[in-house]
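# just coords:
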C-alpha cells in the first residue's frame, strides 16, 4: 500500500534561496535513484514565504524507509540543517485509492 508524507519546514529569512537550491538538488537525486518514490515536490506557502511544504508519496512503507536511509537524503539533511529554523513537522498519510 502506498504511503504519503507531508513535511512542513520553516526557513529563517535570508535562507530561502540556499534552502531551495539544496532541496531541488535532493529532489533530482530522489527522482533519479528511488524507484519506490512516486512523487517528491517542494511548495512554498503563499501566506508565509518562510514556510515550505514537501509532499511525498512512496509505493510502500519500505520505499519510505529506503528514502530515509539513502546517502543522498542523509547528505542533504546535513546541509539543510543549517538552513531551517527547526526540525520539520512530519505527518504520515495513508493513501486512499
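Right, received. Where do you want to start? All of these numbers come straight from a predicted model, not from anything done at the bench. Numbers count the residues shown, from 1 in each chain.

# show me what counts as buried in the longest helix that the chain contains.
Ordering each helix of the chain by length in residues (DSSP state H) puts helix 16-33 first. For helix 16-33, the neighbour count (16 or more other Cβ atoms under 10 Å) marks 19, 22-23, 26-27, 29-30 as buried. Every C-beta, even on glycine, is put in place using the N, C-alpha and C of the backbone.

# what is the burial count for the residue nearest to residue 97 when sequence neighbours are not counted?
Nearest-residue entry for residue 97: residue 2, 6.9 Å, with adjacent residues in sequence omitted and distances by Cβ to Cβ, 6 or more residues apart in numbering. Residue 2 has 17 neighbouring residues, counting by other Cβ atoms under 10 Å.

# now for the longest helix of the chain, which elements pack on it?
strand 37-44, strand 51-58, helix 71-80 (3 or more Cβ pairs under 8 Å, 6 or more residues apart in numbering; DSSP states H and E).

# tell me what angle it forms with strand 51-58.
0 degrees (axes from the mean of the first three to the mean of the last three Cα atoms, to 10 degrees).

# could we number from 517 for the rest of this?
With the count now opening at 517, the last piece we talked about shows up as helix 532-549.

# how about residues contacting helix 532-549?
For helix 532-549, the external contacting residues (Cβ atoms under 8 Å, 6 or more residues apart in numbering) are 525, 527, 553, 556-558, 560, 565-566, 568, 570, 583, 586, 588-589, 592, 595-596, 599-600.

# and for stretch 551-569?
Contacts for stretch 551-569 (Cβ under 8 Å, 6+ apart): 518, 522-529, 532, 535-536, 539-540, 543, 546-547, 570-576, 578-580, 582-583, 601.

# sorry, back to before: out of the helices and strands packed on helix 532-549, indicate the one that is most buried.
strand 567-574 (a mean of 18; mean count of other Cβ atoms under 10 Å).

# okay, angle between that one and strand 553-560 too, please.
Using the same axes, to 10 degrees, strand 567-574 lies at 170 degrees relative to strand 553-560.
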